[in-house]
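Trainee: sharing a model that was predicted from the sequence below.
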Amino acid sequence: MSSTETASTRKTSPRTRWTSTDIGLIAVFAALVAASTLIPGIPVGALGVPITLQTLTVILTGLVLGGGRAFAAVGLYTLLGFAGLPIFSGGRSGLGILATPSAGYIIAFPLAAAATGWLAAIVIRKTVKYRAVFLFAAAMISTIVLIHGLGVLGFMVNGKFDFAKAFLADLPYYPGDTIKNVLAAIIAVSLHKAFPDILVRRVK
């Protein structure tokens, strides 16, 4: 597929079932999200919820794999963490993390990956020019609505904050997430260029 090909001339077909390659990609990206927690986070605010690379890998998973596979990959990571593997930030694990201020963010990760992936599939099918911009927009929508939205809710439920205080506690994460979403979009565009069938299959 040439770079000058327009969206209207491209023919793609949706993925109707997963192959062994899809299963492999799900495992690889689940491992990528887990590996991102090995880099120490930066504690922020009174509750100490750290800034980590997890959101970068979660969003990148959505941008590359699409909704269903991204949800499976990040969901697998989350379930393994709940089961006791020390793969949450700071080496934490277990269901007890649902009682911490981080709970909202962790619950949001599979949902954000799925939403980002769903939007990314539309972008890949419909656009050629400015694809990075649209993928960045998809990442920001999912990040703000789901990750930050549920993050604020976690502060309110487990941190006992009112909405205003929870919203302010969440604000310091916006600059970092914006930068990470720029990086995720750039990486995703490169991967889609190198592997055009990774998200949508072209009709031969």
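Mentor: Arrived safely. Given the structure is predicted, the values throughout are model-derived calculations rather than measurements. Residues are numbered from 1 along each chain as shown.
Trainee: ok, which stretches of the chain are helices?
Mentor: Secondary structure of the chain (DSSP state H): helices at 20-35, 54-65, 67-83, 103-126, 131-142, 149-158, 163-170, 173-194.
Trainee: adding distance to Gly94, write these out as CSV.
Mentor: The way it works is simple: take the backbone N, C-alpha and C, and place the C-beta from them, glycine included. Converted to CSV, the helices of the chain look like this (distance: least, C-beta to C-beta, whole Å):
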stretch, distance to Gly94
helix 20-35, 15
helix 54-65, 17
helix 67-83, 7
helix 103-126, 12
helix 131-142, 26
helix 149-158, 15
helix 163-170, 24
helix 173-194, 24
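Trainee: ranking the ones you listed by burial, who's on top?
Mentor: helix 54-65 (a mean of 29; mean count of other C-beta atoms under 10 Å).
Trainee: and the contacts of that helix?
Mentor: 25-26, 29, 32-33, 35-37, 70, 73-74, 89, 109, 112-117, 120, 135, 138-139, 142-143, 147, 176-177, 180-181, 183-185, 187-188, 191-192, 198-199 (C-beta atoms under 8 Å, 6 or more residues apart in numbering).
Trainee: 6 Å instead, please
Mentor: 29, 32-33, 36, 70, 73-74, 109, 113, 116-117, 120, 135, 139, 177, 180-181, 184, 187-188, 191 (C-beta atoms under 6 Å, 6 or more residues apart in numbering).
Trainee: also stretch 92-100?
Mentor: Against stretch 92-100 from outside (C-beta under 6 Å, 6+ apart): 81-82, 84-86, 88, 158.
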